[in-house]
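Below: sequence and its predicted model.
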Amino acid sequence: KQEVTQIPAALSVPEGENLVLNCSFTDSAIYNLQWFRQDPGKGLTSLLLIQSSQREQTSGRLNASLDKSSGRSTLYIAASQPGDSATYLCAALSSNDYKLSFGAGTTVTVRA
Amino acid sequence: DAGVTQSPTHLIKTRGQQVTLRCSPKSGHDTVSWYQQALGQGPQFIFQYYEEEERQRGNFPDRFSGHQFPNYSSELNVNALLLGDSALYLCASSLTGFEQYFGPGTRLTVT
């Protein structure tokens, strides 16, 4: 059974600082790994998807890396802004059963 | 493109009642998955529908059932509601199950 862990559970940084969010997974048999953003009480917004054959993906200030062999992914957010305050979730899609397994998320607060 | 839509937005039910939640997938998507997200936790996979059949199921009791219609929309039914069923229910659509797009969710409160 896939287990996805996100550390830390919460993070508070001053505006302008770079953010590093970590995600680890126990089963390397994945099709892809997705990073999502969730605002309080809302649905999930997909930020980046990394296919299992890729090492990283970039979109604007966001960069995500994937090391499938070690079961790790990292989301980098450059020059953080107060609008980046949200919970960030990573999820791994199993190549065995198409199930998407989520971590519990990292709640980010960017202080102005 | 309207994206994934869910109804209703909020729902309050009493313990023991039954509830039906609805989801319309993003245009062109054929697969719908349902997730339960308790407060402070990540979403948990309930089941996935493809071609009107349940393709995969997570670790949820039979009180949770679903349906997919020919237009790919889907329903999640929960019978004999428990207090612990209070959560945000998320629907996601995809093309054959890969990159998933999520709806805004339905907040279910069981009293």
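The structure has been received and is ready for your questions.

Residue A:83 belongs to a helix?
Yes - Residue A:83: assigned to a helix according to DSSP: H, G, I helix; E, B strand; the rest coil.

Please identify which helix or strand holds the residue lying closest to it once chain neighbours are set aside.
Distance criterion Cβ to Cβ, 6 or more residues apart in numbering or on different chains; nearest residue to residue A:83, sequence neighbours excluded, is residue A:110 at 7.8 Å. To be clear about C-beta, it is placed using only N, CA and C from the backbone, and glycine gets the same treatment. Per DSSP states H and E: residue A:110 is located in strand A:106-111.

Can you give me the buried ones in that strand?
By neighbour count on 16 or more other Cβ atoms under 10 Å in any protein chain shown, the buried set for strand A:106-111 is A:106, A:107, A:108, A:110.

Now these in JSON lines, please, with extra columns for pLDDT and distance to residue B:77.
Converted to JSON lines, the buried residues of strand A:106-111 look like this (pLDDT from 0 to 100; distance: Cβ to Cβ, whole Å):
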{"residue": "A:106", "pLDDT": "97", "distance to residue B:77": "33"}
{"residue": "A:107", "pLDDT": "97", "distance to residue B:77": "32"}
{"residue": "A:108", "pLDDT": "98", "distance to residue B:77": "36"}
{"residue": "A:110", "pLDDT": "97", "distance to residue B:77": "40"}
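
out of those residues, who's nearest chain B?
Among the buried residues of strand A:106-111, residue A:107 lies closest to chain B (Cβ to the nearest Cβ), at 9.1 Å.

Pull the contacting residues for the closest one.
A:9, A:10, A:11, A:86, A:87, A:88 (Cβ atoms under 8 Å, 6 or more residues apart in numbering or on different chains).

Looking at the buried residues of strand A:106-111, which is nearest residue A:17?
residue A:110 (7.9 Å; Cβ to Cβ).

Please tell me I have it right and the closest one contacts residue A:81.
Yes - Residue A:110 lies in contact with residue A:81 (Cβ atoms under 8 Å); the separation is 6.1 Å.

shared neighbours of the two, anything?
Jointly contacting residue A:110 and residue A:81 under the rule Cβ under 8 Å, 6+ apart are residue A:15.

Quickly check: stretch B:46-61 near chain A or not.
Yes - contact of stretch B:46-61 with chain A (Cβ under 8 Å from any Cβ of the partner chain) involves B:48, B:55, B:56, B:58.

And the strands in the chain, which stretches?
I went with chain A, as the question did not name one. Taking DSSP state E as the test, the strands found in chain A are A:4-7, A:10-14, A:19-25, A:30-38, A:44-51, A:56-59, A:62-67, A:72-77, A:86-94, A:100-102, A:106-111.

Correction: the question concerned chain B.
For chain B, applying DSSP E gives strands covering B:5-7, B:10-13, B:19-24, B:31-37, B:44-50, B:53-57, B:64-68, B:74-78, B:87-94, B:101-102, B:106-110.

Redo those strands as CSV? Include mean pLDDT and mean neighbour count.
Shown next, in CSV, are these (pLDDT from 0 to 100; neighbours: other Cβ atoms under 10 Å in any protein chain shown):
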stretch, mean pLDDT, mean neighbour count
strand B:5-7, 97, 16
strand B:10-13, 97, 13
strand B:19-24, 98, 20
strand B:31-37, 96, 25
strand B:44-50, 95, 22
strand B:53-57, 92, 14
strand B:64-68, 97, 18
strand B:74-78, 98, 21
strand B:87-94, 96, 25
strand B:101-102, 93, 20
strand B:106-110, 98, 18
